[in-house]
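Trainee: Would you be able to build a 3D model of this:
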Amino acid sequence: YEIPLRLVGSEMCIRDREKAYKNNDMEEQKLFEYTYSLEPADVNGQKELPLTLLVKRILEVATLHAESWNAGYSTLIKTREAWVLSRLVVEMYRYPQIQEEYTLQTWVESYNRHFSARNFTIYDKDRNVCGYAQTIWVVINLDTRESLDITQYEYIARNVCPEKKIEIAPQSRIRNVADEHPLHFDIKYSDIDLNRHFNSVKYVEHIVDLFPLERFDRNRVGRFEISFMNEAGYGETVELYRCEESSGNFTAEMRHGEKTLCRSRIVFVPR
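Mentor: Numbers count the residues shown, from 1 in each chain. Okay, here's the model as predicted:
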């Protein structure tokens, strides 16, 4: 697949960053975690943590961990470099409920010249596992749009944690999605990120919006996969394709003309 060219930056305020660093002793650490409270304004129609907000939290905590190493957005941008999300897999056994605290713990499992694999465990307030996530990242030069050699970053070698694994199946290969009646939408102001490209979370938002409310009332999203392949920009028209491969197992593809932007899989599990 092609390397995506979307910049990922933190939306956390300085106070939140200081709180996170204090909770993690302000040191380089292999494991990093951050605790949230699910407020009424954050929940979905089922009064639980929405998948879209979970993805946003995953990006935030990854950024906070990198910032604690002085290797996050605020540092890399000085040399016109940035971490970019390439793949994401989420598996959830249950979603935190309204006014419940939940914690995301993250670490880097492995890396090579081109990619870094960062894992997550999602805990409830009693440290029971709610689910897992795996992300794959690259670093790009913002001017040339080319990927960089990740092995040059010394802090990864110091902090990689290969012995800590998660119970999640590898991402599947998703082929072209056939759909004779794709949906169309234009990328608008609220869809773009600081790089003026289609926001990572918005990809997920448009995919889950392919399904009616009744499906989410009867089912939860047990597994979600997405591979980012190309960028889209403000004002472009995007086509969204959906196909049911088996009962409760759907694939989706987002395109702009002949260019595939992403491919995704969403697996529903009965409640």
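Trainee: Surely V160 is in contact with Y111?
Mentor: Yes - V160 is within contact range of Y111, at 6.3 Å (criterion: CB atoms under 8 Å). C-beta coordinates here come from the backbone N, C-alpha and C atoms, glycine included.
Trainee: Do I have it right that T260 meets N230?
Mentor: Yes - using CB under 8 Å, T260 is in contact with N230, at 6.4 Å.
Trainee: Low-confidence ranges, the stretch 1-150 of the chain, go.
Mentor: Along the stretch 1-150 of the chain, segments meeting pLDDT under 70 span 1-28, 71-73.
Trainee: can you give me the strands for it?
Mentor: 32-37, 81-92, 101-111, 116-124, 129-141 (DSSP state E, counting those that start in this stretch).
Trainee: Rebuild those as CSV, extending it with mean neighbour count.
Mentor: Formatted as CSV, the strands of the stretch 1-150 of the chain follow (neighbours: other CB atoms under 10 Å):
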stretch, mean neighbour count
strand 32-37, 18
strand 81-92, 22
strand 101-111, 19
strand 116-124, 20
strand 129-141, 20
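Trainee: Redo those as a markdown table? Include distance to G45.
Mentor: Listed next are these as a markdown table, based on distance: least, CB to CB, whole Å:
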| stretch | distance to G45 |
| --- | --- |
| strand 32-37 | 20 |
| strand 81-92 | 17 |
| strand 101-111 | 19 |
| strand 116-124 | 20 |
| strand 129-141 | 19 |
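Trainee: Out of the ones you listed, the one nearest E214 is which?
Mentor: strand 81-92 (19.8 Å; CB to CB).
Trainee: Can you name every helix or strand that the closest one contacts?
Mentor: Packing contacts for strand 81-92, counted by 3 or more CB pairs under 8 Å, 6 or more residues apart in numbering; DSSP states H and E, involve helix 51-68, helix 73-76, strand 129-141, strand 219-228.
Trainee: rewinding a little: mind checking the strands of the stretch 1-150 of the chain for the one nearest to F211?
Mentor: Using CB to CB, the strands of the stretch 1-150 of the chain put strand 81-92 closest to F211, at 16.1 Å.
Trainee: Output the closest one as CSV, restricted to C-alpha atoms.
Mentor: Output of strand 81-92 as CSV, limited to C-alpha atoms (Å, rounded to 0.1, in the frame of the first residue of the first chain):
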residue,chain,number,x,y,z
GLU,A,81,8.9,15.8,10.2
ALA,A,82,5.8,14.1,11.5
TRP,A,83,4.4,10.8,12.7
VAL,A,84,1.7,9.5,10.4
LEU,A,85,-0.9,6.8,11.1
SER,A,86,-0.9,4.1,8.5
ARG,A,87,-3.0,1.2,9.9
LEU,A,88,-5.3,0.7,12.8
VAL,A,89,-7.0,-2.4,14.3
VAL,A,90,-9.4,-2.3,17.3
GLU,A,91,-11.0,-5.2,19.1
MET,A,92,-13.4,-4.5,21.9
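Trainee: and N44, how many residues sit next to it?
Mentor: 16 (other CB atoms under 10 Å).
Trainee: Might you report the residue contacts of it?
Mentor: Counting by CB atoms under 8 Å, 6 or more residues apart in numbering, N44 makes contact with 50, 216.
Trainee: now the helices and strands packed on strand 81-92 as CSV including distance to L210?
Mentor: Shown next, in CSV, are the helices and strands packed on strand 81-92 (distance: least, CB to CB, whole Å):
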stretch, distance to L210
helix 51-68, 13
helix 73-76, 31
strand 129-141, 21
strand 219-228, 12
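Trainee: Of those, which is nearest S86?
Mentor: Of the helices and strands packed on strand 81-92, nearest to S86 by CB to CB is strand 129-141, at 4.7 Å.
Trainee: For the helix or strand following that closest one, give me every contacting residue.
Mentor: Elements were assigned by DSSP states H and E; along the chain past strand 129-141, the next helix or strand is helix 154-159. Contacting residues not belonging to helix 154-159 are listed as 28-30, 69-71, 107-108, 111, 116, 150-151 [CB under 8 Å, 6+ apart].
Trainee: Each with direction, which strands does the very next helix or strand once past helix 154-159 pair with?
Mentor: Next helix or strand after helix 154-159 toward the C-terminus (DSSP H and E): strand 183-186. Strand pairing for strand 183-186, using DSSP bridges, gives strand 237-246 (antiparallel).
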